[in-house]
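Quick one: sequence plus predicted model below, questions after.
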Amino acid sequence: MARLIAGMGTSHVPGVGAAMDNGKTHEDYWIELFKGFEPIRDWHAKNVPDVNIIVFNDHATSMTLNHYSTFMMGVAEQFQPADEGWGPRKVPVVEGHPELAWHLVENLILDEFDMAVTADFDVDHGLTVPLSIAYDQPDAWPTKVIPLCVNVIQYPQPTALRCFKLGQAIRRAVDSFPEDITVGIWGTGGLSHQLGGERAGVVNPDFDKRFLDNLVSNPMANASLTHTDFIREAGAEGIEMIMWNVMRGALDEDVREVYRLYHIPVSATAYGAIILENS
Amino acid sequence: MTSRDYDDVPGTYVLDSRSYRKGYHLNMFCMSLNKAECREEFARDERAYLEKFPMTAEQRQAVLDRDYIRLLQLGANVYYTFKIVSHDRQPPQVMYGKMSVPPMSFDEFQEMMINGGRPIDGNRSKGES
């Protein structure tokens, strides 16, 4: 049977990918952050699952106002890095896992989580930057990937509680997959940041620390946050943190925190990462 | 019942049904810049390219002026206005700085972030800002 081994939360700031793609990681601005990535990469080198479910959002790249899904699963064999306005990132093609992806879709819908499905979706920095953070610059990504795209841009986004429950349903579906494979799940985005408006640049370390602490030991506290809690306290774009709830919902009730990283700033964002193992 | 209590958060533009409808064509113009051939066409003649989208004159002018805060007021969402910033080959901090009150240069915005970012205290509610 499939076994879900661990979860990671990480911000997906496009500047991190750009710094790597343009060879700037040794510049003063980046050096401390990339030093903080070393334990993440060491852990991932020792814990390579067969497939990672990556919970991310599209940033006006492959999905736009004329057709927007709340939850969408990628069932293709491959996903190409997207052109977001400055040409596609020169990173490996993302290999899908259609068997598990379809198993998830079928089980989630029968479990009353009505997933949209795509077989044609270019993936933007929301998905490729976390891969770069975990795996650096390989010729090919070491795992298959199932993209799970969440609407965090158009109000009303799914609630924080709904995201947590989706994670729980994903876990039930993974546990029932008959093949003997290992699975990881990543929640991406956040932490506190606001990119638009006169308040751009607002961050909230106290809110972020509480969110990370609760993620480990009291995840229902994060699941009870409202849209306006996020917008007010974590910035309009901080609502991306609901995607970490999907990851957390898929893990055991008791988890072991392996590593945590927090760094301000990355562009206009409070960068956060955490690795949680099922205990 | 949909709650709009986020309207109380200062300096913040949420993409909801109101801005969706107001900014639909403006955002779709921005989105078109994901395609290299559209970026080239826009670069050749910005005014002519903007005419292809059924936007208001005010929205077109705000694009030409790179008046980002005005664009948000006219229904644009920041993930869409990024496409203009990318087209101009500028770092996003240029846009963040221009949206600030008073406006900041790239260096000033960068320095604010390096010093810990814009403080949340005093910026939670229109009542306190």
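Looks like it came in fine. Numbers count the residues shown, from 1 in each chain, chains lettered A, B, ... in the order given.

going forward, measure contacts between C-alpha atoms and count neighbours the same way
Will do.

What residue, apart from its backbone neighbours, is nearest A:Gly235 spatially?
Closest residue to A:Gly235 apart from its sequence neighbours, by Cα to Cα, 6 or more residues apart in numbering or on different chains: A:Gln194 at 4.5 Å.

Surely that neighbour is in contact with A:Ile239?
No. A:Gln194 is beyond contact range of A:Ile239, at 9.6 Å (criterion: Cα atoms under 8 Å).

Tell me the span between the first and last residue of stretch A:220-236.
Length of stretch A:220-236, first residue to last, Cα to Cα, to the nearest Å: 22 Å.

Bridged to A:Gly7, which residues?
When assigned by DSSP bridges, A:Gly7 has beta-bridge partners A:Ile185, A:Leu276.

Surely it and A:Gly249 touch.
No. If you go by Cα under 8 Å, A:Gly7 and A:Gly249 don't touch, sitting 9.9 Å apart.

Flag every buried residue along stretch A:45-56.
Under the neighbour-count criterion of 16 or more other Cα atoms under 10 Å in any protein chain shown, stretch A:45-56 has A:48-56 buried.

Centroid-nearest residue for chain A?
In chain A, the residue lying closest to the centroid (Cα atoms, centre = their mean) is A:Thr188, at 2.3 Å.

Compute the distance between that residue and A:Ser279, please.
According to Cα to Cα, A:Thr188 and A:Ser279 sit 22 Å apart.

Same question for A:Thr64.
Taking Cα to Cα, one finds A:Thr64 at 40 Å from A:Ser279.

Confirm that A:Ile53 sits in a strand.
Yes. A:Ile53: assigned to a strand according to DSSP: H, G, I helix; E, B strand; the rest coil.

if I pick it, what's in contact with it?
A:145-148, A:183-186 (Cα atoms under 8 Å, 6 or more residues apart in numbering or on different chains).

Report the beta-bridge partners for it.
A:Ile146, A:Ile185.

and the biggest helix by length in chain B, does that touch chain A?
Ranked by residue count under DSSP state H, the longest helix found in chain B is helix B:17-32. Yes. Using Cα under 8 Å from any Cα of the partner chain, helix B:17-32 reaches chain A at B:17, B:20, B:24, B:27-28, B:31.

close enough to count as contact, B:Thr12 and A:Gly201?
No. Assessed by Cα under 8 Å, B:Thr12 is found out of contact with A:Gly201, at 11.3 Å.

re the thing from before, and the residue nearest to A:Gly235, backbone torsions?
The phi/psi pair for A:Gln194 (degrees, to the nearest 10) reads phi -140, psi 130.

Verify the stated contact: the residue nearest to the centre of chain A with A:His12.
Yes. Using Cα under 8 Å, A:Thr188 makes contact with A:His12 at a distance of 6.1 Å.

which ones are touching A:Asp208?
Here A:Asp208 is in contact with A:191-192, A:234 (criterion: Cα under 8 Å, 6+ apart).

Quick check: beta-bridge partners of A:Thr64?
Per DSSP bridges, the residues bridged to A:Thr64 are A:His67.

For it, the count of nearby residues, please.
A:Thr64 sits with 17 neighbouring residues when counted by other Cα atoms under 10 Å in any protein chain shown.

Quick check: the gap between it and B:Cys30.
11 Å.

With B:Ser17 instead?
When distance is defined by Cα to Cα, B:Ser17 is 18 Å away from B:Cys30.

The two - which one has more neighbours?
B:Cys30 (24 against 12).

which ones are touching the more buried one?
Neighbouring residues of B:Cys30 by Cα under 8 Å, 6+ apart: B:80-81, B:83-84.

Take the residues you listed and keep only those in helices.
B:80-81, B:83-84.

Please list which of these are also close to chain A.
Okay, of the ones in helices among the contacts of B:Cys30 touching chain A (Cα under 8 Å from any Cα), that's B:80, B:83.

Let's see if you can find the most crowded of the ones in helices among the contacts of B:Cys30.
With neighbours taken as other Cα under 10 Å, the top of these is B:Thr81, carrying 26 neighbours.

ok, now how distant is the spatially closest residue to that residue that is not a sequence neighbour from B:His87?
Closest residue in space to B:Thr81, ignoring its immediate chain neighbours: B:Cys30 at 6.2 Å, by Cα to Cα, 6+ apart. Distance of B:Cys30 to B:His87, computed by Cα to Cα: 10 Å.

follow-up on the earlier one: could you report the distance from the residue nearest to B:Thr81 to A:Gly196?
15 Å.

ends of stretch B:37-56, how far apart?
With Cα to Cα applied, stretch B:37-56 spans 24 Å between its terminal residues.

ok, A:Ser192 - contacts?
A:202-205, A:207-208, A:233-235, A:237-238, A:269-270.

With secondary structure, distance to A:Ala116 and pLDDT as extra columns, can I get these in JSON lines?
JSON lines is the format used below for the contacts of A:Ser192 (DSSP: H, G, I helix; E, B strand; the rest coil; distance: Cα to Cα, whole Å; pLDDT from 0 to 100):
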{"residue": "A:Val202", "secondary structure": "strand", "distance to A:Ala116": "33", "pLDDT": "98"}
{"residue": "A:Val203", "secondary structure": "coil", "distance to A:Ala116": "33", "pLDDT": "98"}
{"residue": "A:Asn204", "secondary structure": "coil", "distance to A:Ala116": "33", "pLDDT": "98"}
{"residue": "A:Pro205", "secondary structure": "helix", "distance to A:Ala116": "35", "pLDDT": "98"}
{"residue": "A:Phe207", "secondary structure": "helix", "distance to A:Ala116": "32", "pLDDT": "98"}
{"residue": "A:Asp208", "secondary structure": "helix", "distance to A:Ala116": "30", "pLDDT": "98"}
{"residue": "A:Glu233", "secondary structure": "helix", "distance to A:Ala116": "30", "pLDDT": "98"}
{"residue": "A:Ala234", "secondary structure": "helix", "distance to A:Ala116": "28", "pLDDT": "98"}
{"residue": "A:Gly235", "secondary structure": "coil", "distance to A:Ala116": "28", "pLDDT": "98"}
{"residue": "A:Glu237", "secondary structure": "helix", "distance to A:Ala116": "23", "pLDDT": "97"}
{"residue": "A:Gly238", "secondary structure": "helix", "distance to A:Ala116": "24", "pLDDT": "98"}
{"residue": "A:Thr269", "secondary structure": "strand", "distance to A:Ala116": "30", "pLDDT": "97"}
{"residue": "A:Ala270", "secondary structure": "strand", "distance to A:Ala116": "31", "pLDDT": "98"}
